[in-house]
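S.K.: Fold the following for me, if possible:
(2 chains)
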There are 2 protein chains.
Amino acid sequence: MIGTVAVNGEVRRMEDLRLQDFLQSFFFGAGFFETLLVEEGAPMFLERHLARLRSSLEAHAGCVHSPPPEVLTAGAVREALRRCLEADANLGPRFTGVAKLVAGDERLLLSFRPLPQRPTGEGVVLDTVEDRCYRRGDPTLNHKSVSYLRQYAHLGRGTVFVNEAGELCEVPNGNLFFLVGDTVVTPPLEAPCLPGIIRSVLLEKGRLGGMPVEERAMRREEVEGVRGCILTNSVSLALAVSRLLGRELPGSHALAENARAVVREYAQQET
Amino acid sequence: MIGTVAVNGEVRRMEDLRLQDFLQSFFFGAGFFETLLVEEGAPMFLERHLARLRSSLEAHAGCVHSPPPEVLTAGAVREALRRCLEADANLGPRFTGVAKLVAGDERLLLSFRPLPQRPTGEGVVLDTVEDRCYRRGDPTLNHKSVSYLRQYAHLGRGTVFVNEAGELCEVPNGNLFFLVGDTVVTPPLEAPCLPGIIRSVLLEKGRLGGMPVEERAMRREEVEGVRGCILTNSVSLALAVSRLLGRELPGSHALAENARAVVREYAQQET
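M.R.: As a prediction, this is how the structure comes out:
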């Protein structure tokens, strides 16, 4: 992580922040976060990220202490980001990397890290099923909270979370889209899964590679008929899943390329 | 909370701790905690708490950064606690209150707070069912992690967590024991529920008020036949549940008294 951060808009050094000011998040996981792609100094889909963050804070008004509303606006975050980039030679006004917002304890913490290194061209392999811990309709998993251990423990392990009805839900670091027949299917929020920002963009577009995009439950047995699969998140946008539960999916690469094009189209409109 | 704490055995002031040293717990909820009753300077069931903490750390060795093993011994924690009590006039060597251990980020943080105020004699009312988010067999909920938002959001709301099979699991702040027929029943860990320290003591004893104590699934319909119910946790030990899902339970008070007597008997043997 990079040492320059902002707290409620004020530029600070990470090493100067006190644990004491973030105790509810630390002790009880009572905070929410957003991970944004920053390209050449511009945060992608900032308004959408802030809308999701505010929505989680509102849904937990009784127990998570929200930052002041004026720091949760796109204007305020853009300004905080600009000041951080200016203040740190490791960032700079044309910084490309990852920004993270954490909201809780009446504070909004903005921090930065480099882009993850990922071998280009290779696909993601998802061969492990975790089918003991997702519950259909669990509202907890519709919020990106810092109570993140369940996901964190499975990062990098090629895990797909499956609910008690045998439906595929999501992966620790993103949403899934499946090409089945002539439709692109993504699990509904009730699966449960996170209301991912890239997911929302692809659903709004409604078409991918000439095929309709549909939100519906995706049963495990249906994997046999899947012709392609992508993993979406706000940093990688869309990654091809080259193997899903043992099934090779050469069709995933074209699907990922199509998805990235849609995301780019929307991102351009929204800046 | 009281300002004097210990980090890996070293006495510190809470306001001097840096967020930077606890980032994995803060960002990802990747840490575990224990809440202990301290009476006259002595922590109750310390060995049991540390065994549970070590067990959770071992189960997450790949992702949660454990403190050095030498600070996770009863001797080391007793010594750290003694030094904190001596160092702070608000504590003092005969402190009675709550101690909290948080393990993660290669650190063990020991902190203190006063005993919660609770009106004596009154029972706990549990009238709310949350039946959308517990999944039978979920191993995540067998660990007391700082990814605690699910529980935290329901504190003080009289909530009982129920799984998809309609079985009562636990409450946000403790385990449940039910007097059904001539047996005292507590849900199994697979319900799921936390492996509570007081729960483990009562199961070891195996009898409560002359009746056998049994670990088995407790279906929601069975509440109609329940004659008493207690809530157990390490701070309150055993609380009478005076009303459970609309059913008045005068038998709970005697059951809670019996449970506290058992806990006292074990606590004395183990110090």
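S.K.: I'd say residue A:66 and residue A:57 touch.
M.R.: Yes. Counting by Cβ atoms under 8 Å, residue A:66 touches residue A:57, with 4.4 Å between them. C-betas here are computed from N, CA, C, even on glycine.
S.K.: What's the per-residue pLDDT of residue A:120 here?
M.R.: At residue A:120, the predicted lDDT confidence score is 62.
S.K.: what touches both of residue A:66 and residue A:57?
M.R.: Counting by Cβ atoms under 8 Å, 6 or more residues apart in numbering or on different chains, the shared contacts of residue A:66 and residue A:57 are A:72, A:103.
S.K.: Please verify my assumption that residue A:39 contacts residue A:96.
M.R.: Yes. Applying Cβ under 8 Å, one finds residue A:39 in contact with residue A:96, separated by 5.2 Å.
S.K.: got the contact list for the longest helix along chain A?
M.R.: Of all segments of type helix in chain A, defined using DSSP state H, the longest is helix A:252-270. Residues from elsewhere that reach helix A:252-270 (Cβ under 8 Å, 6+ apart): A:44-45, A:47-48, A:123, A:177, A:179, A:184, A:198, A:201-202, A:204-205, A:208-209, A:228-230, A:232, A:237-242.
S.K.: how about a cut-off of 7 Å?
M.R.: For helix A:252-270, the surrounding residues in contact (Cβ atoms under 7 Å, 6 or more residues apart in numbering or on different chains) are A:44-45, A:47, A:123, A:179, A:198, A:201-202, A:205, A:208-209, A:228-230, A:232, A:237-242.
S.K.: any chance you could map the helices in the stretch 51-200 of chain A?
M.R.: A:74-87, A:149-152, A:197-205 (DSSP state H, counting those that start in this stretch).
S.K.: Make JSON lines out of the ones you listed and add distance to residue A:25, mean neighbour count and mean pLDDT.
M.R.: Formatted as JSON lines, these follow (distance: least, Cβ to Cβ, whole Å; neighbours: other Cβ atoms under 10 Å in any protein chain shown; pLDDT from 0 to 100):
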{"stretch": "helix A:74-87", "distance to residue A:25": "18", "mean neighbour count": "17", "mean pLDDT": "98"}
{"stretch": "helix A:149-152", "distance to residue A:25": "13", "mean neighbour count": "22", "mean pLDDT": "97"}
{"stretch": "helix A:197-205", "distance to residue A:25": "22", "mean neighbour count": "21", "mean pLDDT": "98"}
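S.K.: Just send those helices back as JSON lines, with distance to chain B too.
M.R.: Output for the helices of the stretch 51-200 of chain A, formatted as JSON lines (distance: least, Cβ to the nearest Cβ, whole Å):
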{"stretch": "helix A:74-87", "distance to chain B": "16"}
{"stretch": "helix A:149-152", "distance to chain B": "4"}
{"stretch": "helix A:197-205", "distance to chain B": "19"}
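S.K.: For residue A:216, which of the ones you listed is the nearest?
M.R.: helix A:197-205 (11.6 Å; Cβ to Cβ).
S.K.: Also compute the angle for the closest one relative to helix A:252-270, please.
M.R.: Inter-element angle recorded for helix A:197-205 and helix A:252-270: 90 degrees (by axes from the mean of the first three to the mean of the last three Cα atoms, to 10 degrees).
S.K.: State the next helix or strand along the chain beyond helix A:197-205.
M.R.: Per DSSP states H and E, the first helix or strand lying C-terminal to helix A:197-205 is strand A:207-208.
S.K.: What lies in contact with that following strand?
M.R.: For strand A:207-208, contacts defined as Cβ under 7 Å, 6+ apart pick out A:184, A:202, A:213, A:255, A:258-259, A:262.
S.K.: How much space separates the nearest residue to residue A:241 once chain neighbours are set aside from residue A:217?
M.R.: The shortest distance from residue A:241 to any non-neighbouring residue, by Cβ to Cβ, 6 or more residues apart in numbering or on different chains, is to residue A:229 (3.9 Å). As judged by Cβ to Cβ, to the nearest Å, residue A:229 and residue A:217 stand 16 Å apart.
S.K.: how many other residues sit next to residue A:51?
M.R.: Using other Cβ atoms under 10 Å in any protein chain shown as the criterion, residue A:51 is surrounded by 15 other residues.
S.K.: tell me which element the closest residue to residue A:73 other than its chain neighbours is part of?
M.R.: Nearest non-adjacent residue to residue A:73, counting by Cβ to Cβ, 6+ apart: residue A:50, 7.1 Å away. If you go by DSSP H and E, residue A:50 is part of helix A:46-59.
S.K.: tell me which residues of that helix are tucked away?
M.R.: Neighbour counts over helix A:46-59 (16 or more other Cβ atoms under 10 Å in any protein chain shown) mark A:46, A:48-50, A:52-54, A:56-57 as buried.
S.K.: I'd like to know which of the contacts of helix A:252-270 are buried.
M.R.: Neighbour-count burial (16+ other Cβ under 10 Å) applied to the contacts of helix A:252-270 gives A:44-45, A:123, A:179, A:198, A:201-202, A:205, A:208-209, A:228-230, A:232, A:237-242.
S.K.: residues contacting the nearest residue to residue A:47 once chain neighbours are set aside?
M.R.: Leaving aside its chain neighbours, residue A:47 sits nearest to residue A:74 (5.2 Å; criterion: Cβ to Cβ, 6+ apart). Residue A:74 sits next to A:46-47, A:50 when contact means Cβ under 7 Å, 6+ apart.
S.K.: for residue A:139, same thing?
M.R.: By Cβ under 7 Å, 6+ apart, the contact set of residue A:139 is B:132-133.
S.K.: one more time with 10 Å
M.R.: A:59, A:189-190, A:192, B:130, B:132-133, B:150, B:153 (Cβ atoms under 10 Å, 6 or more residues apart in numbering or on different chains).
S.K.: possible to save those as CSV with distance to residue A:162?
M.R.: Formatted as CSV, these follow (distance: Cβ to Cβ, whole Å):
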residue, distance to residue A:162
A:59, 25
A:189, 16
A:190, 14
A:192, 12
B:130, 22
B:132, 17
B:133, 16
B:150, 20
B:153, 25
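S.K.: Can you flag the buried ones in those?
M.R.: A:189-190, A:192, B:130, B:132-133, B:150, B:153.
S.K.: before we move on, back to that, wait, which of the helices of the stretch 51-200 of chain A is closest to residue B:112?
M.R.: Closest to residue B:112 of those, according to Cβ to Cβ: helix A:149-152, at 24.9 Å.
S.K.: Report the mean per-residue pLDDT for stretch A:243-258.
M.R.: For stretch A:243-258, mean pLDDT is 97.
S.K.: Could you give the separation of that stretch from the chain centroid?
M.R.: Stretch A:243-258 has its C-alpha centroid displaced from the chain centroid by 20 Å (Cα atoms, centre = their mean, to the nearest Å).
S.K.: And that stretch, end to end?
M.R.: Its start and end residues considered, stretch A:243-258 measures 18 Å (Cα to Cα, to the nearest Å).
S.K.: So which bits of that stretch are buried?
M.R.: So stretch A:243-258, judged by 16+ other Cβ under 10 Å, has buried residues A:243-245, A:249, A:251-253, A:255-256, A:258.
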